[in-house]
Each structure stands twice: as C-alpha cells, then as structure tokens.
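Asks: Fold the following and give me the result.
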Amino acid sequence: MKNTIRKQAIEKRRTLDCIELSKEIVKNLISVKEYQKSKNIICYYPLNYEVNTKILLENKLKNWYLPRVNGESLEICPCSNLKKGSFGIIEPQSKPIKYYENIDMVIIPACAADRKGYRLGWGKGYYDRFLPKLDNKCIKVIVIYSQLLYDSVFPEKHDIKADLIVTDKEILRL
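Replies: Residues are numbered from 1 along each chain as shown. Okay, the predicted model is just below:
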C-alpha cells in the first residue's frame, strides 16, 4: 500500500505548479508562532518537485542546519559550504553537530502525508532513524502540497508523528 501511495504521489507532483505552491507553503510556515520562536532549525535542500525550502535558508536571523548522508545515517551540519553529495542532494561540507538539544524545529520532506501527522518518505528510512534522536521539545514540521495529503499513509510502529503539517492551503496542528 505504501509503495502505491508513493508512486501516485510522485506522479501527482509532476503535474503541480511546485514553484507557486512552494511559495504558499513557505508563506504559511513563516506565519506560525512555532517557526517565529525557533532559532535553530534543521531543514532540507529540495530535490525533484519537493517543496522548495531554499528561500527559508536566506533568513539570517535563524541558525540553519542541513542533513548529510553518511552511510545509513543522517549527520546534521551547519548550512555552509554546500556541495552535491549522496543521491545528487546538495549537502553541507561543514563539521556535523553532535548534540541536538538546542534544535527548536525540524522541517521534514515527505513524498506524501496524512492528516494524522504521519509522513511517507522515499523509502530509505533516513528520517525514521534520525527523528528519534531529537529532543521532545523539538517541533517536527512536515511541509507538503495539499494535493499529497491522504487519509492514511499506513504508519508503522517506528513512524514518528509530526507536530505540524503546513500545506499551501492549511496549517494542521496535531
């Protein structure tokens, strides 16, 4: 079932005006108090039809961190000295941070999501392994096109629920 949803979502993305929808999602995200209060934020550098988060990284009032693939894990590094890395993803070349207690928010990419706060990623499990390392106070945010919200993405025991879902049409607090 997950693979079917993932395949449908990937196809659906290709039909969307991702540039305009991303602008709406970013506008909605920066309007929420949780974002406004956050100082240290983990984000992602977008690929193929993902919500474009690059404009967020320009906000110099925030400390931005990006993931870098290291084997089967994600390392979190300050957003600097960006280069193409694993899977063709733009990644920081800076030294990874070791502790996450100061991270206020993580902005999580998703292939699809459901209204209960669960996401469907690309199937490699990087975020499934990484998210449990974050402090409970860290706000977990899924940014996604409204057309890719499903009734269920069939979460499993290890899946971590988001605190917020931000789309181009709504903000869901969970």
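Asks: Sketch out the strands for the protein, chain order is fine.
Replies: Along the chain, counting by DSSP state E, strands occupy 40-42, 63-70, 73-78, 82-84, 90-92, 105-108, 112-114, 119-120, 139-143, 149-150, 164-166, 171-173.
Asks: Give the pairing partners of the longest one; include direction for each.
Replies: Each strand that pairs with strand 63-70, with its direction, by DSSP bridges: strand 40-42 (parallel), strand 73-78 (antiparallel).
Asks: Next, the contact list for the most centrally placed residue in the chain, please.
Replies: Geometric centre of the chain, nearest residue: residue 108, 1.6 Å, by Cα atoms, centre = their mean. By Cβ atoms under 8 Å, 6 or more residues apart in numbering, the residues touching residue 108 are 44, 119, 127, 131, 140, 141, 142, 143, 162. To be clear about C-beta, it is placed using only N, CA and C from the backbone, and glycine gets the same treatment.
Asks: Just the pLDDT for it.
Replies: Confidence at residue 108, expressed as pLDDT, is 97.
Asks: Any idea which of the strands of the chain gets closest to residue 31?
Replies: If you check each of these against residue 31 by Cβ to Cβ, strand 171-173 wins as the nearest, at 7.8 Å.
Asks: elements contacting that closest one?
Replies: Counting contacts by 3 or more Cβ pairs under 8 Å, 6 or more residues apart in numbering; DSSP states H and E, strand 171-173 is packed against strand 164-166.
Asks: for the record, mean pLDDT for the strand it packs on?
Replies: Averaged across strand 164-166, pLDDT comes to 98.
Asks: pretty sure residue 122 is touching residue 112, no?
Replies: No - counting by Cβ atoms under 8 Å, residue 122 sits too far from residue 112 to count as a contact (10.6 Å).
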